[in-house]
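Participant: Next comes the sequence, and after it the predicted model I'd like to discuss.
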Amino acid sequence: MKLNFILSLCIFCLACSGAEKNVIFIITDDESPTLGCYGDPVAKTPAIDELAEDGALFLNAFATTASCSASRSVVMSGLHNHANGQYGHQHAFHKFASYFDVVGLSLPRAMARSGYRTAQIGKFHVAPEEVFQFETYLKGKQRNAVHMAEQAREFITQKSEKPFFLYFATSDPHRGGGSDLTSQLLLKPDLFGNKPNRQHHEGVKEVFYDPKEVPIPSFLSDTPETREELCHYYQSVSRIDQGVGRLVKILREAGLYDKTMIVFTSDHGMAFAGGKTTVYEGGLRVPFVVRNPYEKKRGVRLKGLISHVDITPSLLDFAGALDSEKNRPKEWVEPDQFWKEKKYVAKENRGPTDQLSAYHGKSWISVLGKPNAPHWSRIFASHTFHEIQMYYPMRVVRDQEYKLIWNIAHPLPYPFASDLWAASSFQAQFQKSLSAPYGNKTVGEYIQRPEFEFFRIDRDPNESTNLAENPKHKKNLEKYKKILQEEQRKFHDPWVMKWNYE
C-alpha cells in the first residue's frame, strides 16, 4: 500500500513537472473582498466563487499600498514601491516611474526569459515600459471584462510550443464614467464605469443592486449616498465576474483549463474614503483567489498572511523559473549587462542596484493546499504618494494580533484623491460638519490624524479604538515601533531616517 502511494506520488510529480503551465493573472482596479466566496451577503460573483471552490482562497491577503500605479509596480517587481522607485501615479503630470535596474526582477521580462509567450491587456499604469515590457499588447474595453476576454482568445488558444502568461487588468470597479443623474439625491452617485440609465455593456448581463440590501463597511457611514454608490460599485464587480467566467469558458473550450493557473486579485481596496489611498484594512485588504490545476487539495481557505510582494516570485515558482536560493529569476540578467546589450545607456534613475537583485516577497505555491500553514508572521506596507500633490507617507506593520500605523506627515491634513474628495458618500458627511460621523471616526478625525495608530487587530478588526495613547499599551506600542523600524531597514526604506530627524 505504502509503495503504491509513493509510486503514485512520483508519477503525479513527474506529470506536473512536464506539464504545460500557463498563467492568467487577473488584477482589478479598486476592489475589496466583496465576493460571494468571502461571505458577502449580496455579491453575485459565481465565476470567481467557483474558482475559489476549485482552488484556494486567501483570507488575509494585503496590498502593500492602496494606490494604483505604486501597487502595480509591486505586483510586477516583487519589491515594495519605495524600493522599486514608483512612489505614486505614473500617468500625466504625476510622472512617477520605477528604477531602470528593476528590469532584472520584472515579472513579464522574467517570464519571457523563461520561455513564456507574454501578453498584457487592459490597464498598464507603470513605467518605464522598457522595464515592464510584454511581448504582446492586446486592446480591449477596460470597462468590459467580457470583451477583454474575447480579445485575448486568439492569444490564449494560439498553437505554440511555449506556455502563455496573460496579464489581464480591468479598469472596473474604479470610479468613473460620470454621475447617475437618475438619482433623486442632491449629491449624485458615481457610476463606477456602469452605463447610465441602467443600460448594459455589450455582451454583459448587468446585475443591478438594491440600496436597501447592500452591506455597509465599517469605515463608511450608513447614508443614502453611500448606499447608492455601493450599488454602482457592486454592479461593476459583477461585470468583472462575467469576464472571469468568459476566460474560463475559453480555456475549457480549448482544453487548457487544467493546464492553466488562474490568479485573481485587486491592486487595493474599494475607491471610497476610508479604503483607497489609506493603510486601513479597507485600503490594504484585497481579494485573492488561486486556482492551481496541479494542486490536489481544492476549496482551501488559507489563514496565513500574504502580500502583493509575493506575487512575482510565486508565479515564477509555478513556472519553474524561480531561483529559490537567491529568490530571483533563474534566468537572471544583471541590469548593467541588460542595458549594454540593448545599447541603451540610462545614466539616471537606475536605482541602487545592490538592493535590486532579490525579491522582497516569497512564493506561496507550496502552501496552497494547507489551510493552516503560515506564510508571513507579519506584513509591511509603505505608502508615500497617490496623486503627486498627495504627499502623506505612512508605514505599517501588521501581524495576526496587532497593527501599527505611523503617519509620518501627521501635522498635515490628510490629502484626498480628487475622485474620493468629490464622492457623494464623503461629501454628504463633510458638508454637515467636521464633527459629523464618518465610519468609526468623525470627518475631522479622518482628515487630521495622530502620529501613531495602534490597533489590537485580532479583537478590533474594524480599527475603531486607537490604543497609541493608552498607558496600558505603552510597552507593546514601543515594541511594535521597533519592529516597524526593523522592517524599514530590511526593505531599505529611506523614510527610516525620520525616526531620528523629525
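Facilitator: Ah, there it is. Numbers count the residues shown, from 1 in each chain.
Participant: can you pull out the strands in the stretch 301-450 of the chain?
Facilitator: 322-323, 328-329, 378-383, 394-399, 403-407, 437-438, 441-442 (DSSP state E, counting those that start in this stretch).
Participant: Show me the one of those strands that comes nearest Glu225.
Facilitator: Smallest distance to Glu225 across these (C-beta to C-beta): 11.8 Å, for strand 437-438. Every residue, glycine included, has its C-beta placed from N, CA and C.
Participant: residues in contact with stretch 470-483?
Facilitator: 378, 397, 402, 404, 406, 452, 454, 467-468 (C-beta atoms under 8 Å, 6 or more residues apart in numbering).
Participant: Out of the residues you listed, which comes closest to His89?
Facilitator: Nearest to His89 among those, counting by C-beta to C-beta, is Trp406 at 22.7 Å.
Participant: For beta bridges, what are the partners of the closest one?
Facilitator: In this entry, Trp406 is beta-bridged to Arg395, Phe452, by DSSP bridges.
Participant: okay, it: pLDDT?
Facilitator: Per-residue pLDDT puts Trp406 at 98.
Participant: How many residues are close by it?
Facilitator: Number of residues near Trp406 (other C-beta atoms under 10 Å) recorded here: 23.
Participant: And Lys498, by the same measure?
Facilitator: The burial count for Lys498: 15, using other C-beta under 10 Å.
Participant: thought it was touching His410?
Facilitator: No: in this structure, Lys498 is not within contact of His410 by C-beta atoms under 8 Å, at 11.0 Å.
Participant: for this structure, where's the lowest mean pLDDT among helices and strands?
Facilitator: One helix or strand of the chain scores below all others by mean pLDDT, DSSP states H and E: helix 2-17, with a mean of 42.
Participant: for the chain, what are the low-confidence residue spans?
Facilitator: The chain contains residues with pLDDT under 70 at 1-18, 345-346.
Participant: For Lys141, which non-adjacent residue is spatially closest?
Facilitator: What sits nearest to Lys141 in space, not counting adjacent residues and going by C-beta to C-beta, 6 or more residues apart in numbering, is His147, at 4.4 Å.
Participant: where does the one you found fall, helix, sheet strand or coil?
Facilitator: Under DSSP: H, G, I helix; E, B strand; the rest coil, the three-state class of His147 is helix.
Participant: Now do it against Arg239, distance only.
Facilitator: Distance, His147 to Arg239, using C-beta to C-beta, to the nearest Å: 10 Å.
Participant: Same check on Ile262?
Facilitator: 18 Å.
Participant: For the residue most central in space within the chain, which non-adjacent residue is spatially closest?
Facilitator: For the chain, Asp267 is the residue whose C-alpha lies nearest the centre (C-alpha atoms, centre = their mean; 2.8 Å). Among residues not flanking Asp267 along the chain, Ser71 sits closest, at 4.2 Å (C-beta to C-beta, 6+ apart).
Participant: Am I right that the one you found sits in a helix?
Facilitator: Yes: assessed by three-state DSSP, Ser71 belongs to a helix.
Participant: For it, give its distance to Leu181.
Facilitator: 32 Å.
Participant: just Thr278 next, same as before
Facilitator: 29 Å.
Participant: so where's the longest helix in the chain?
Facilitator: helix 224-253 (DSSP state H).
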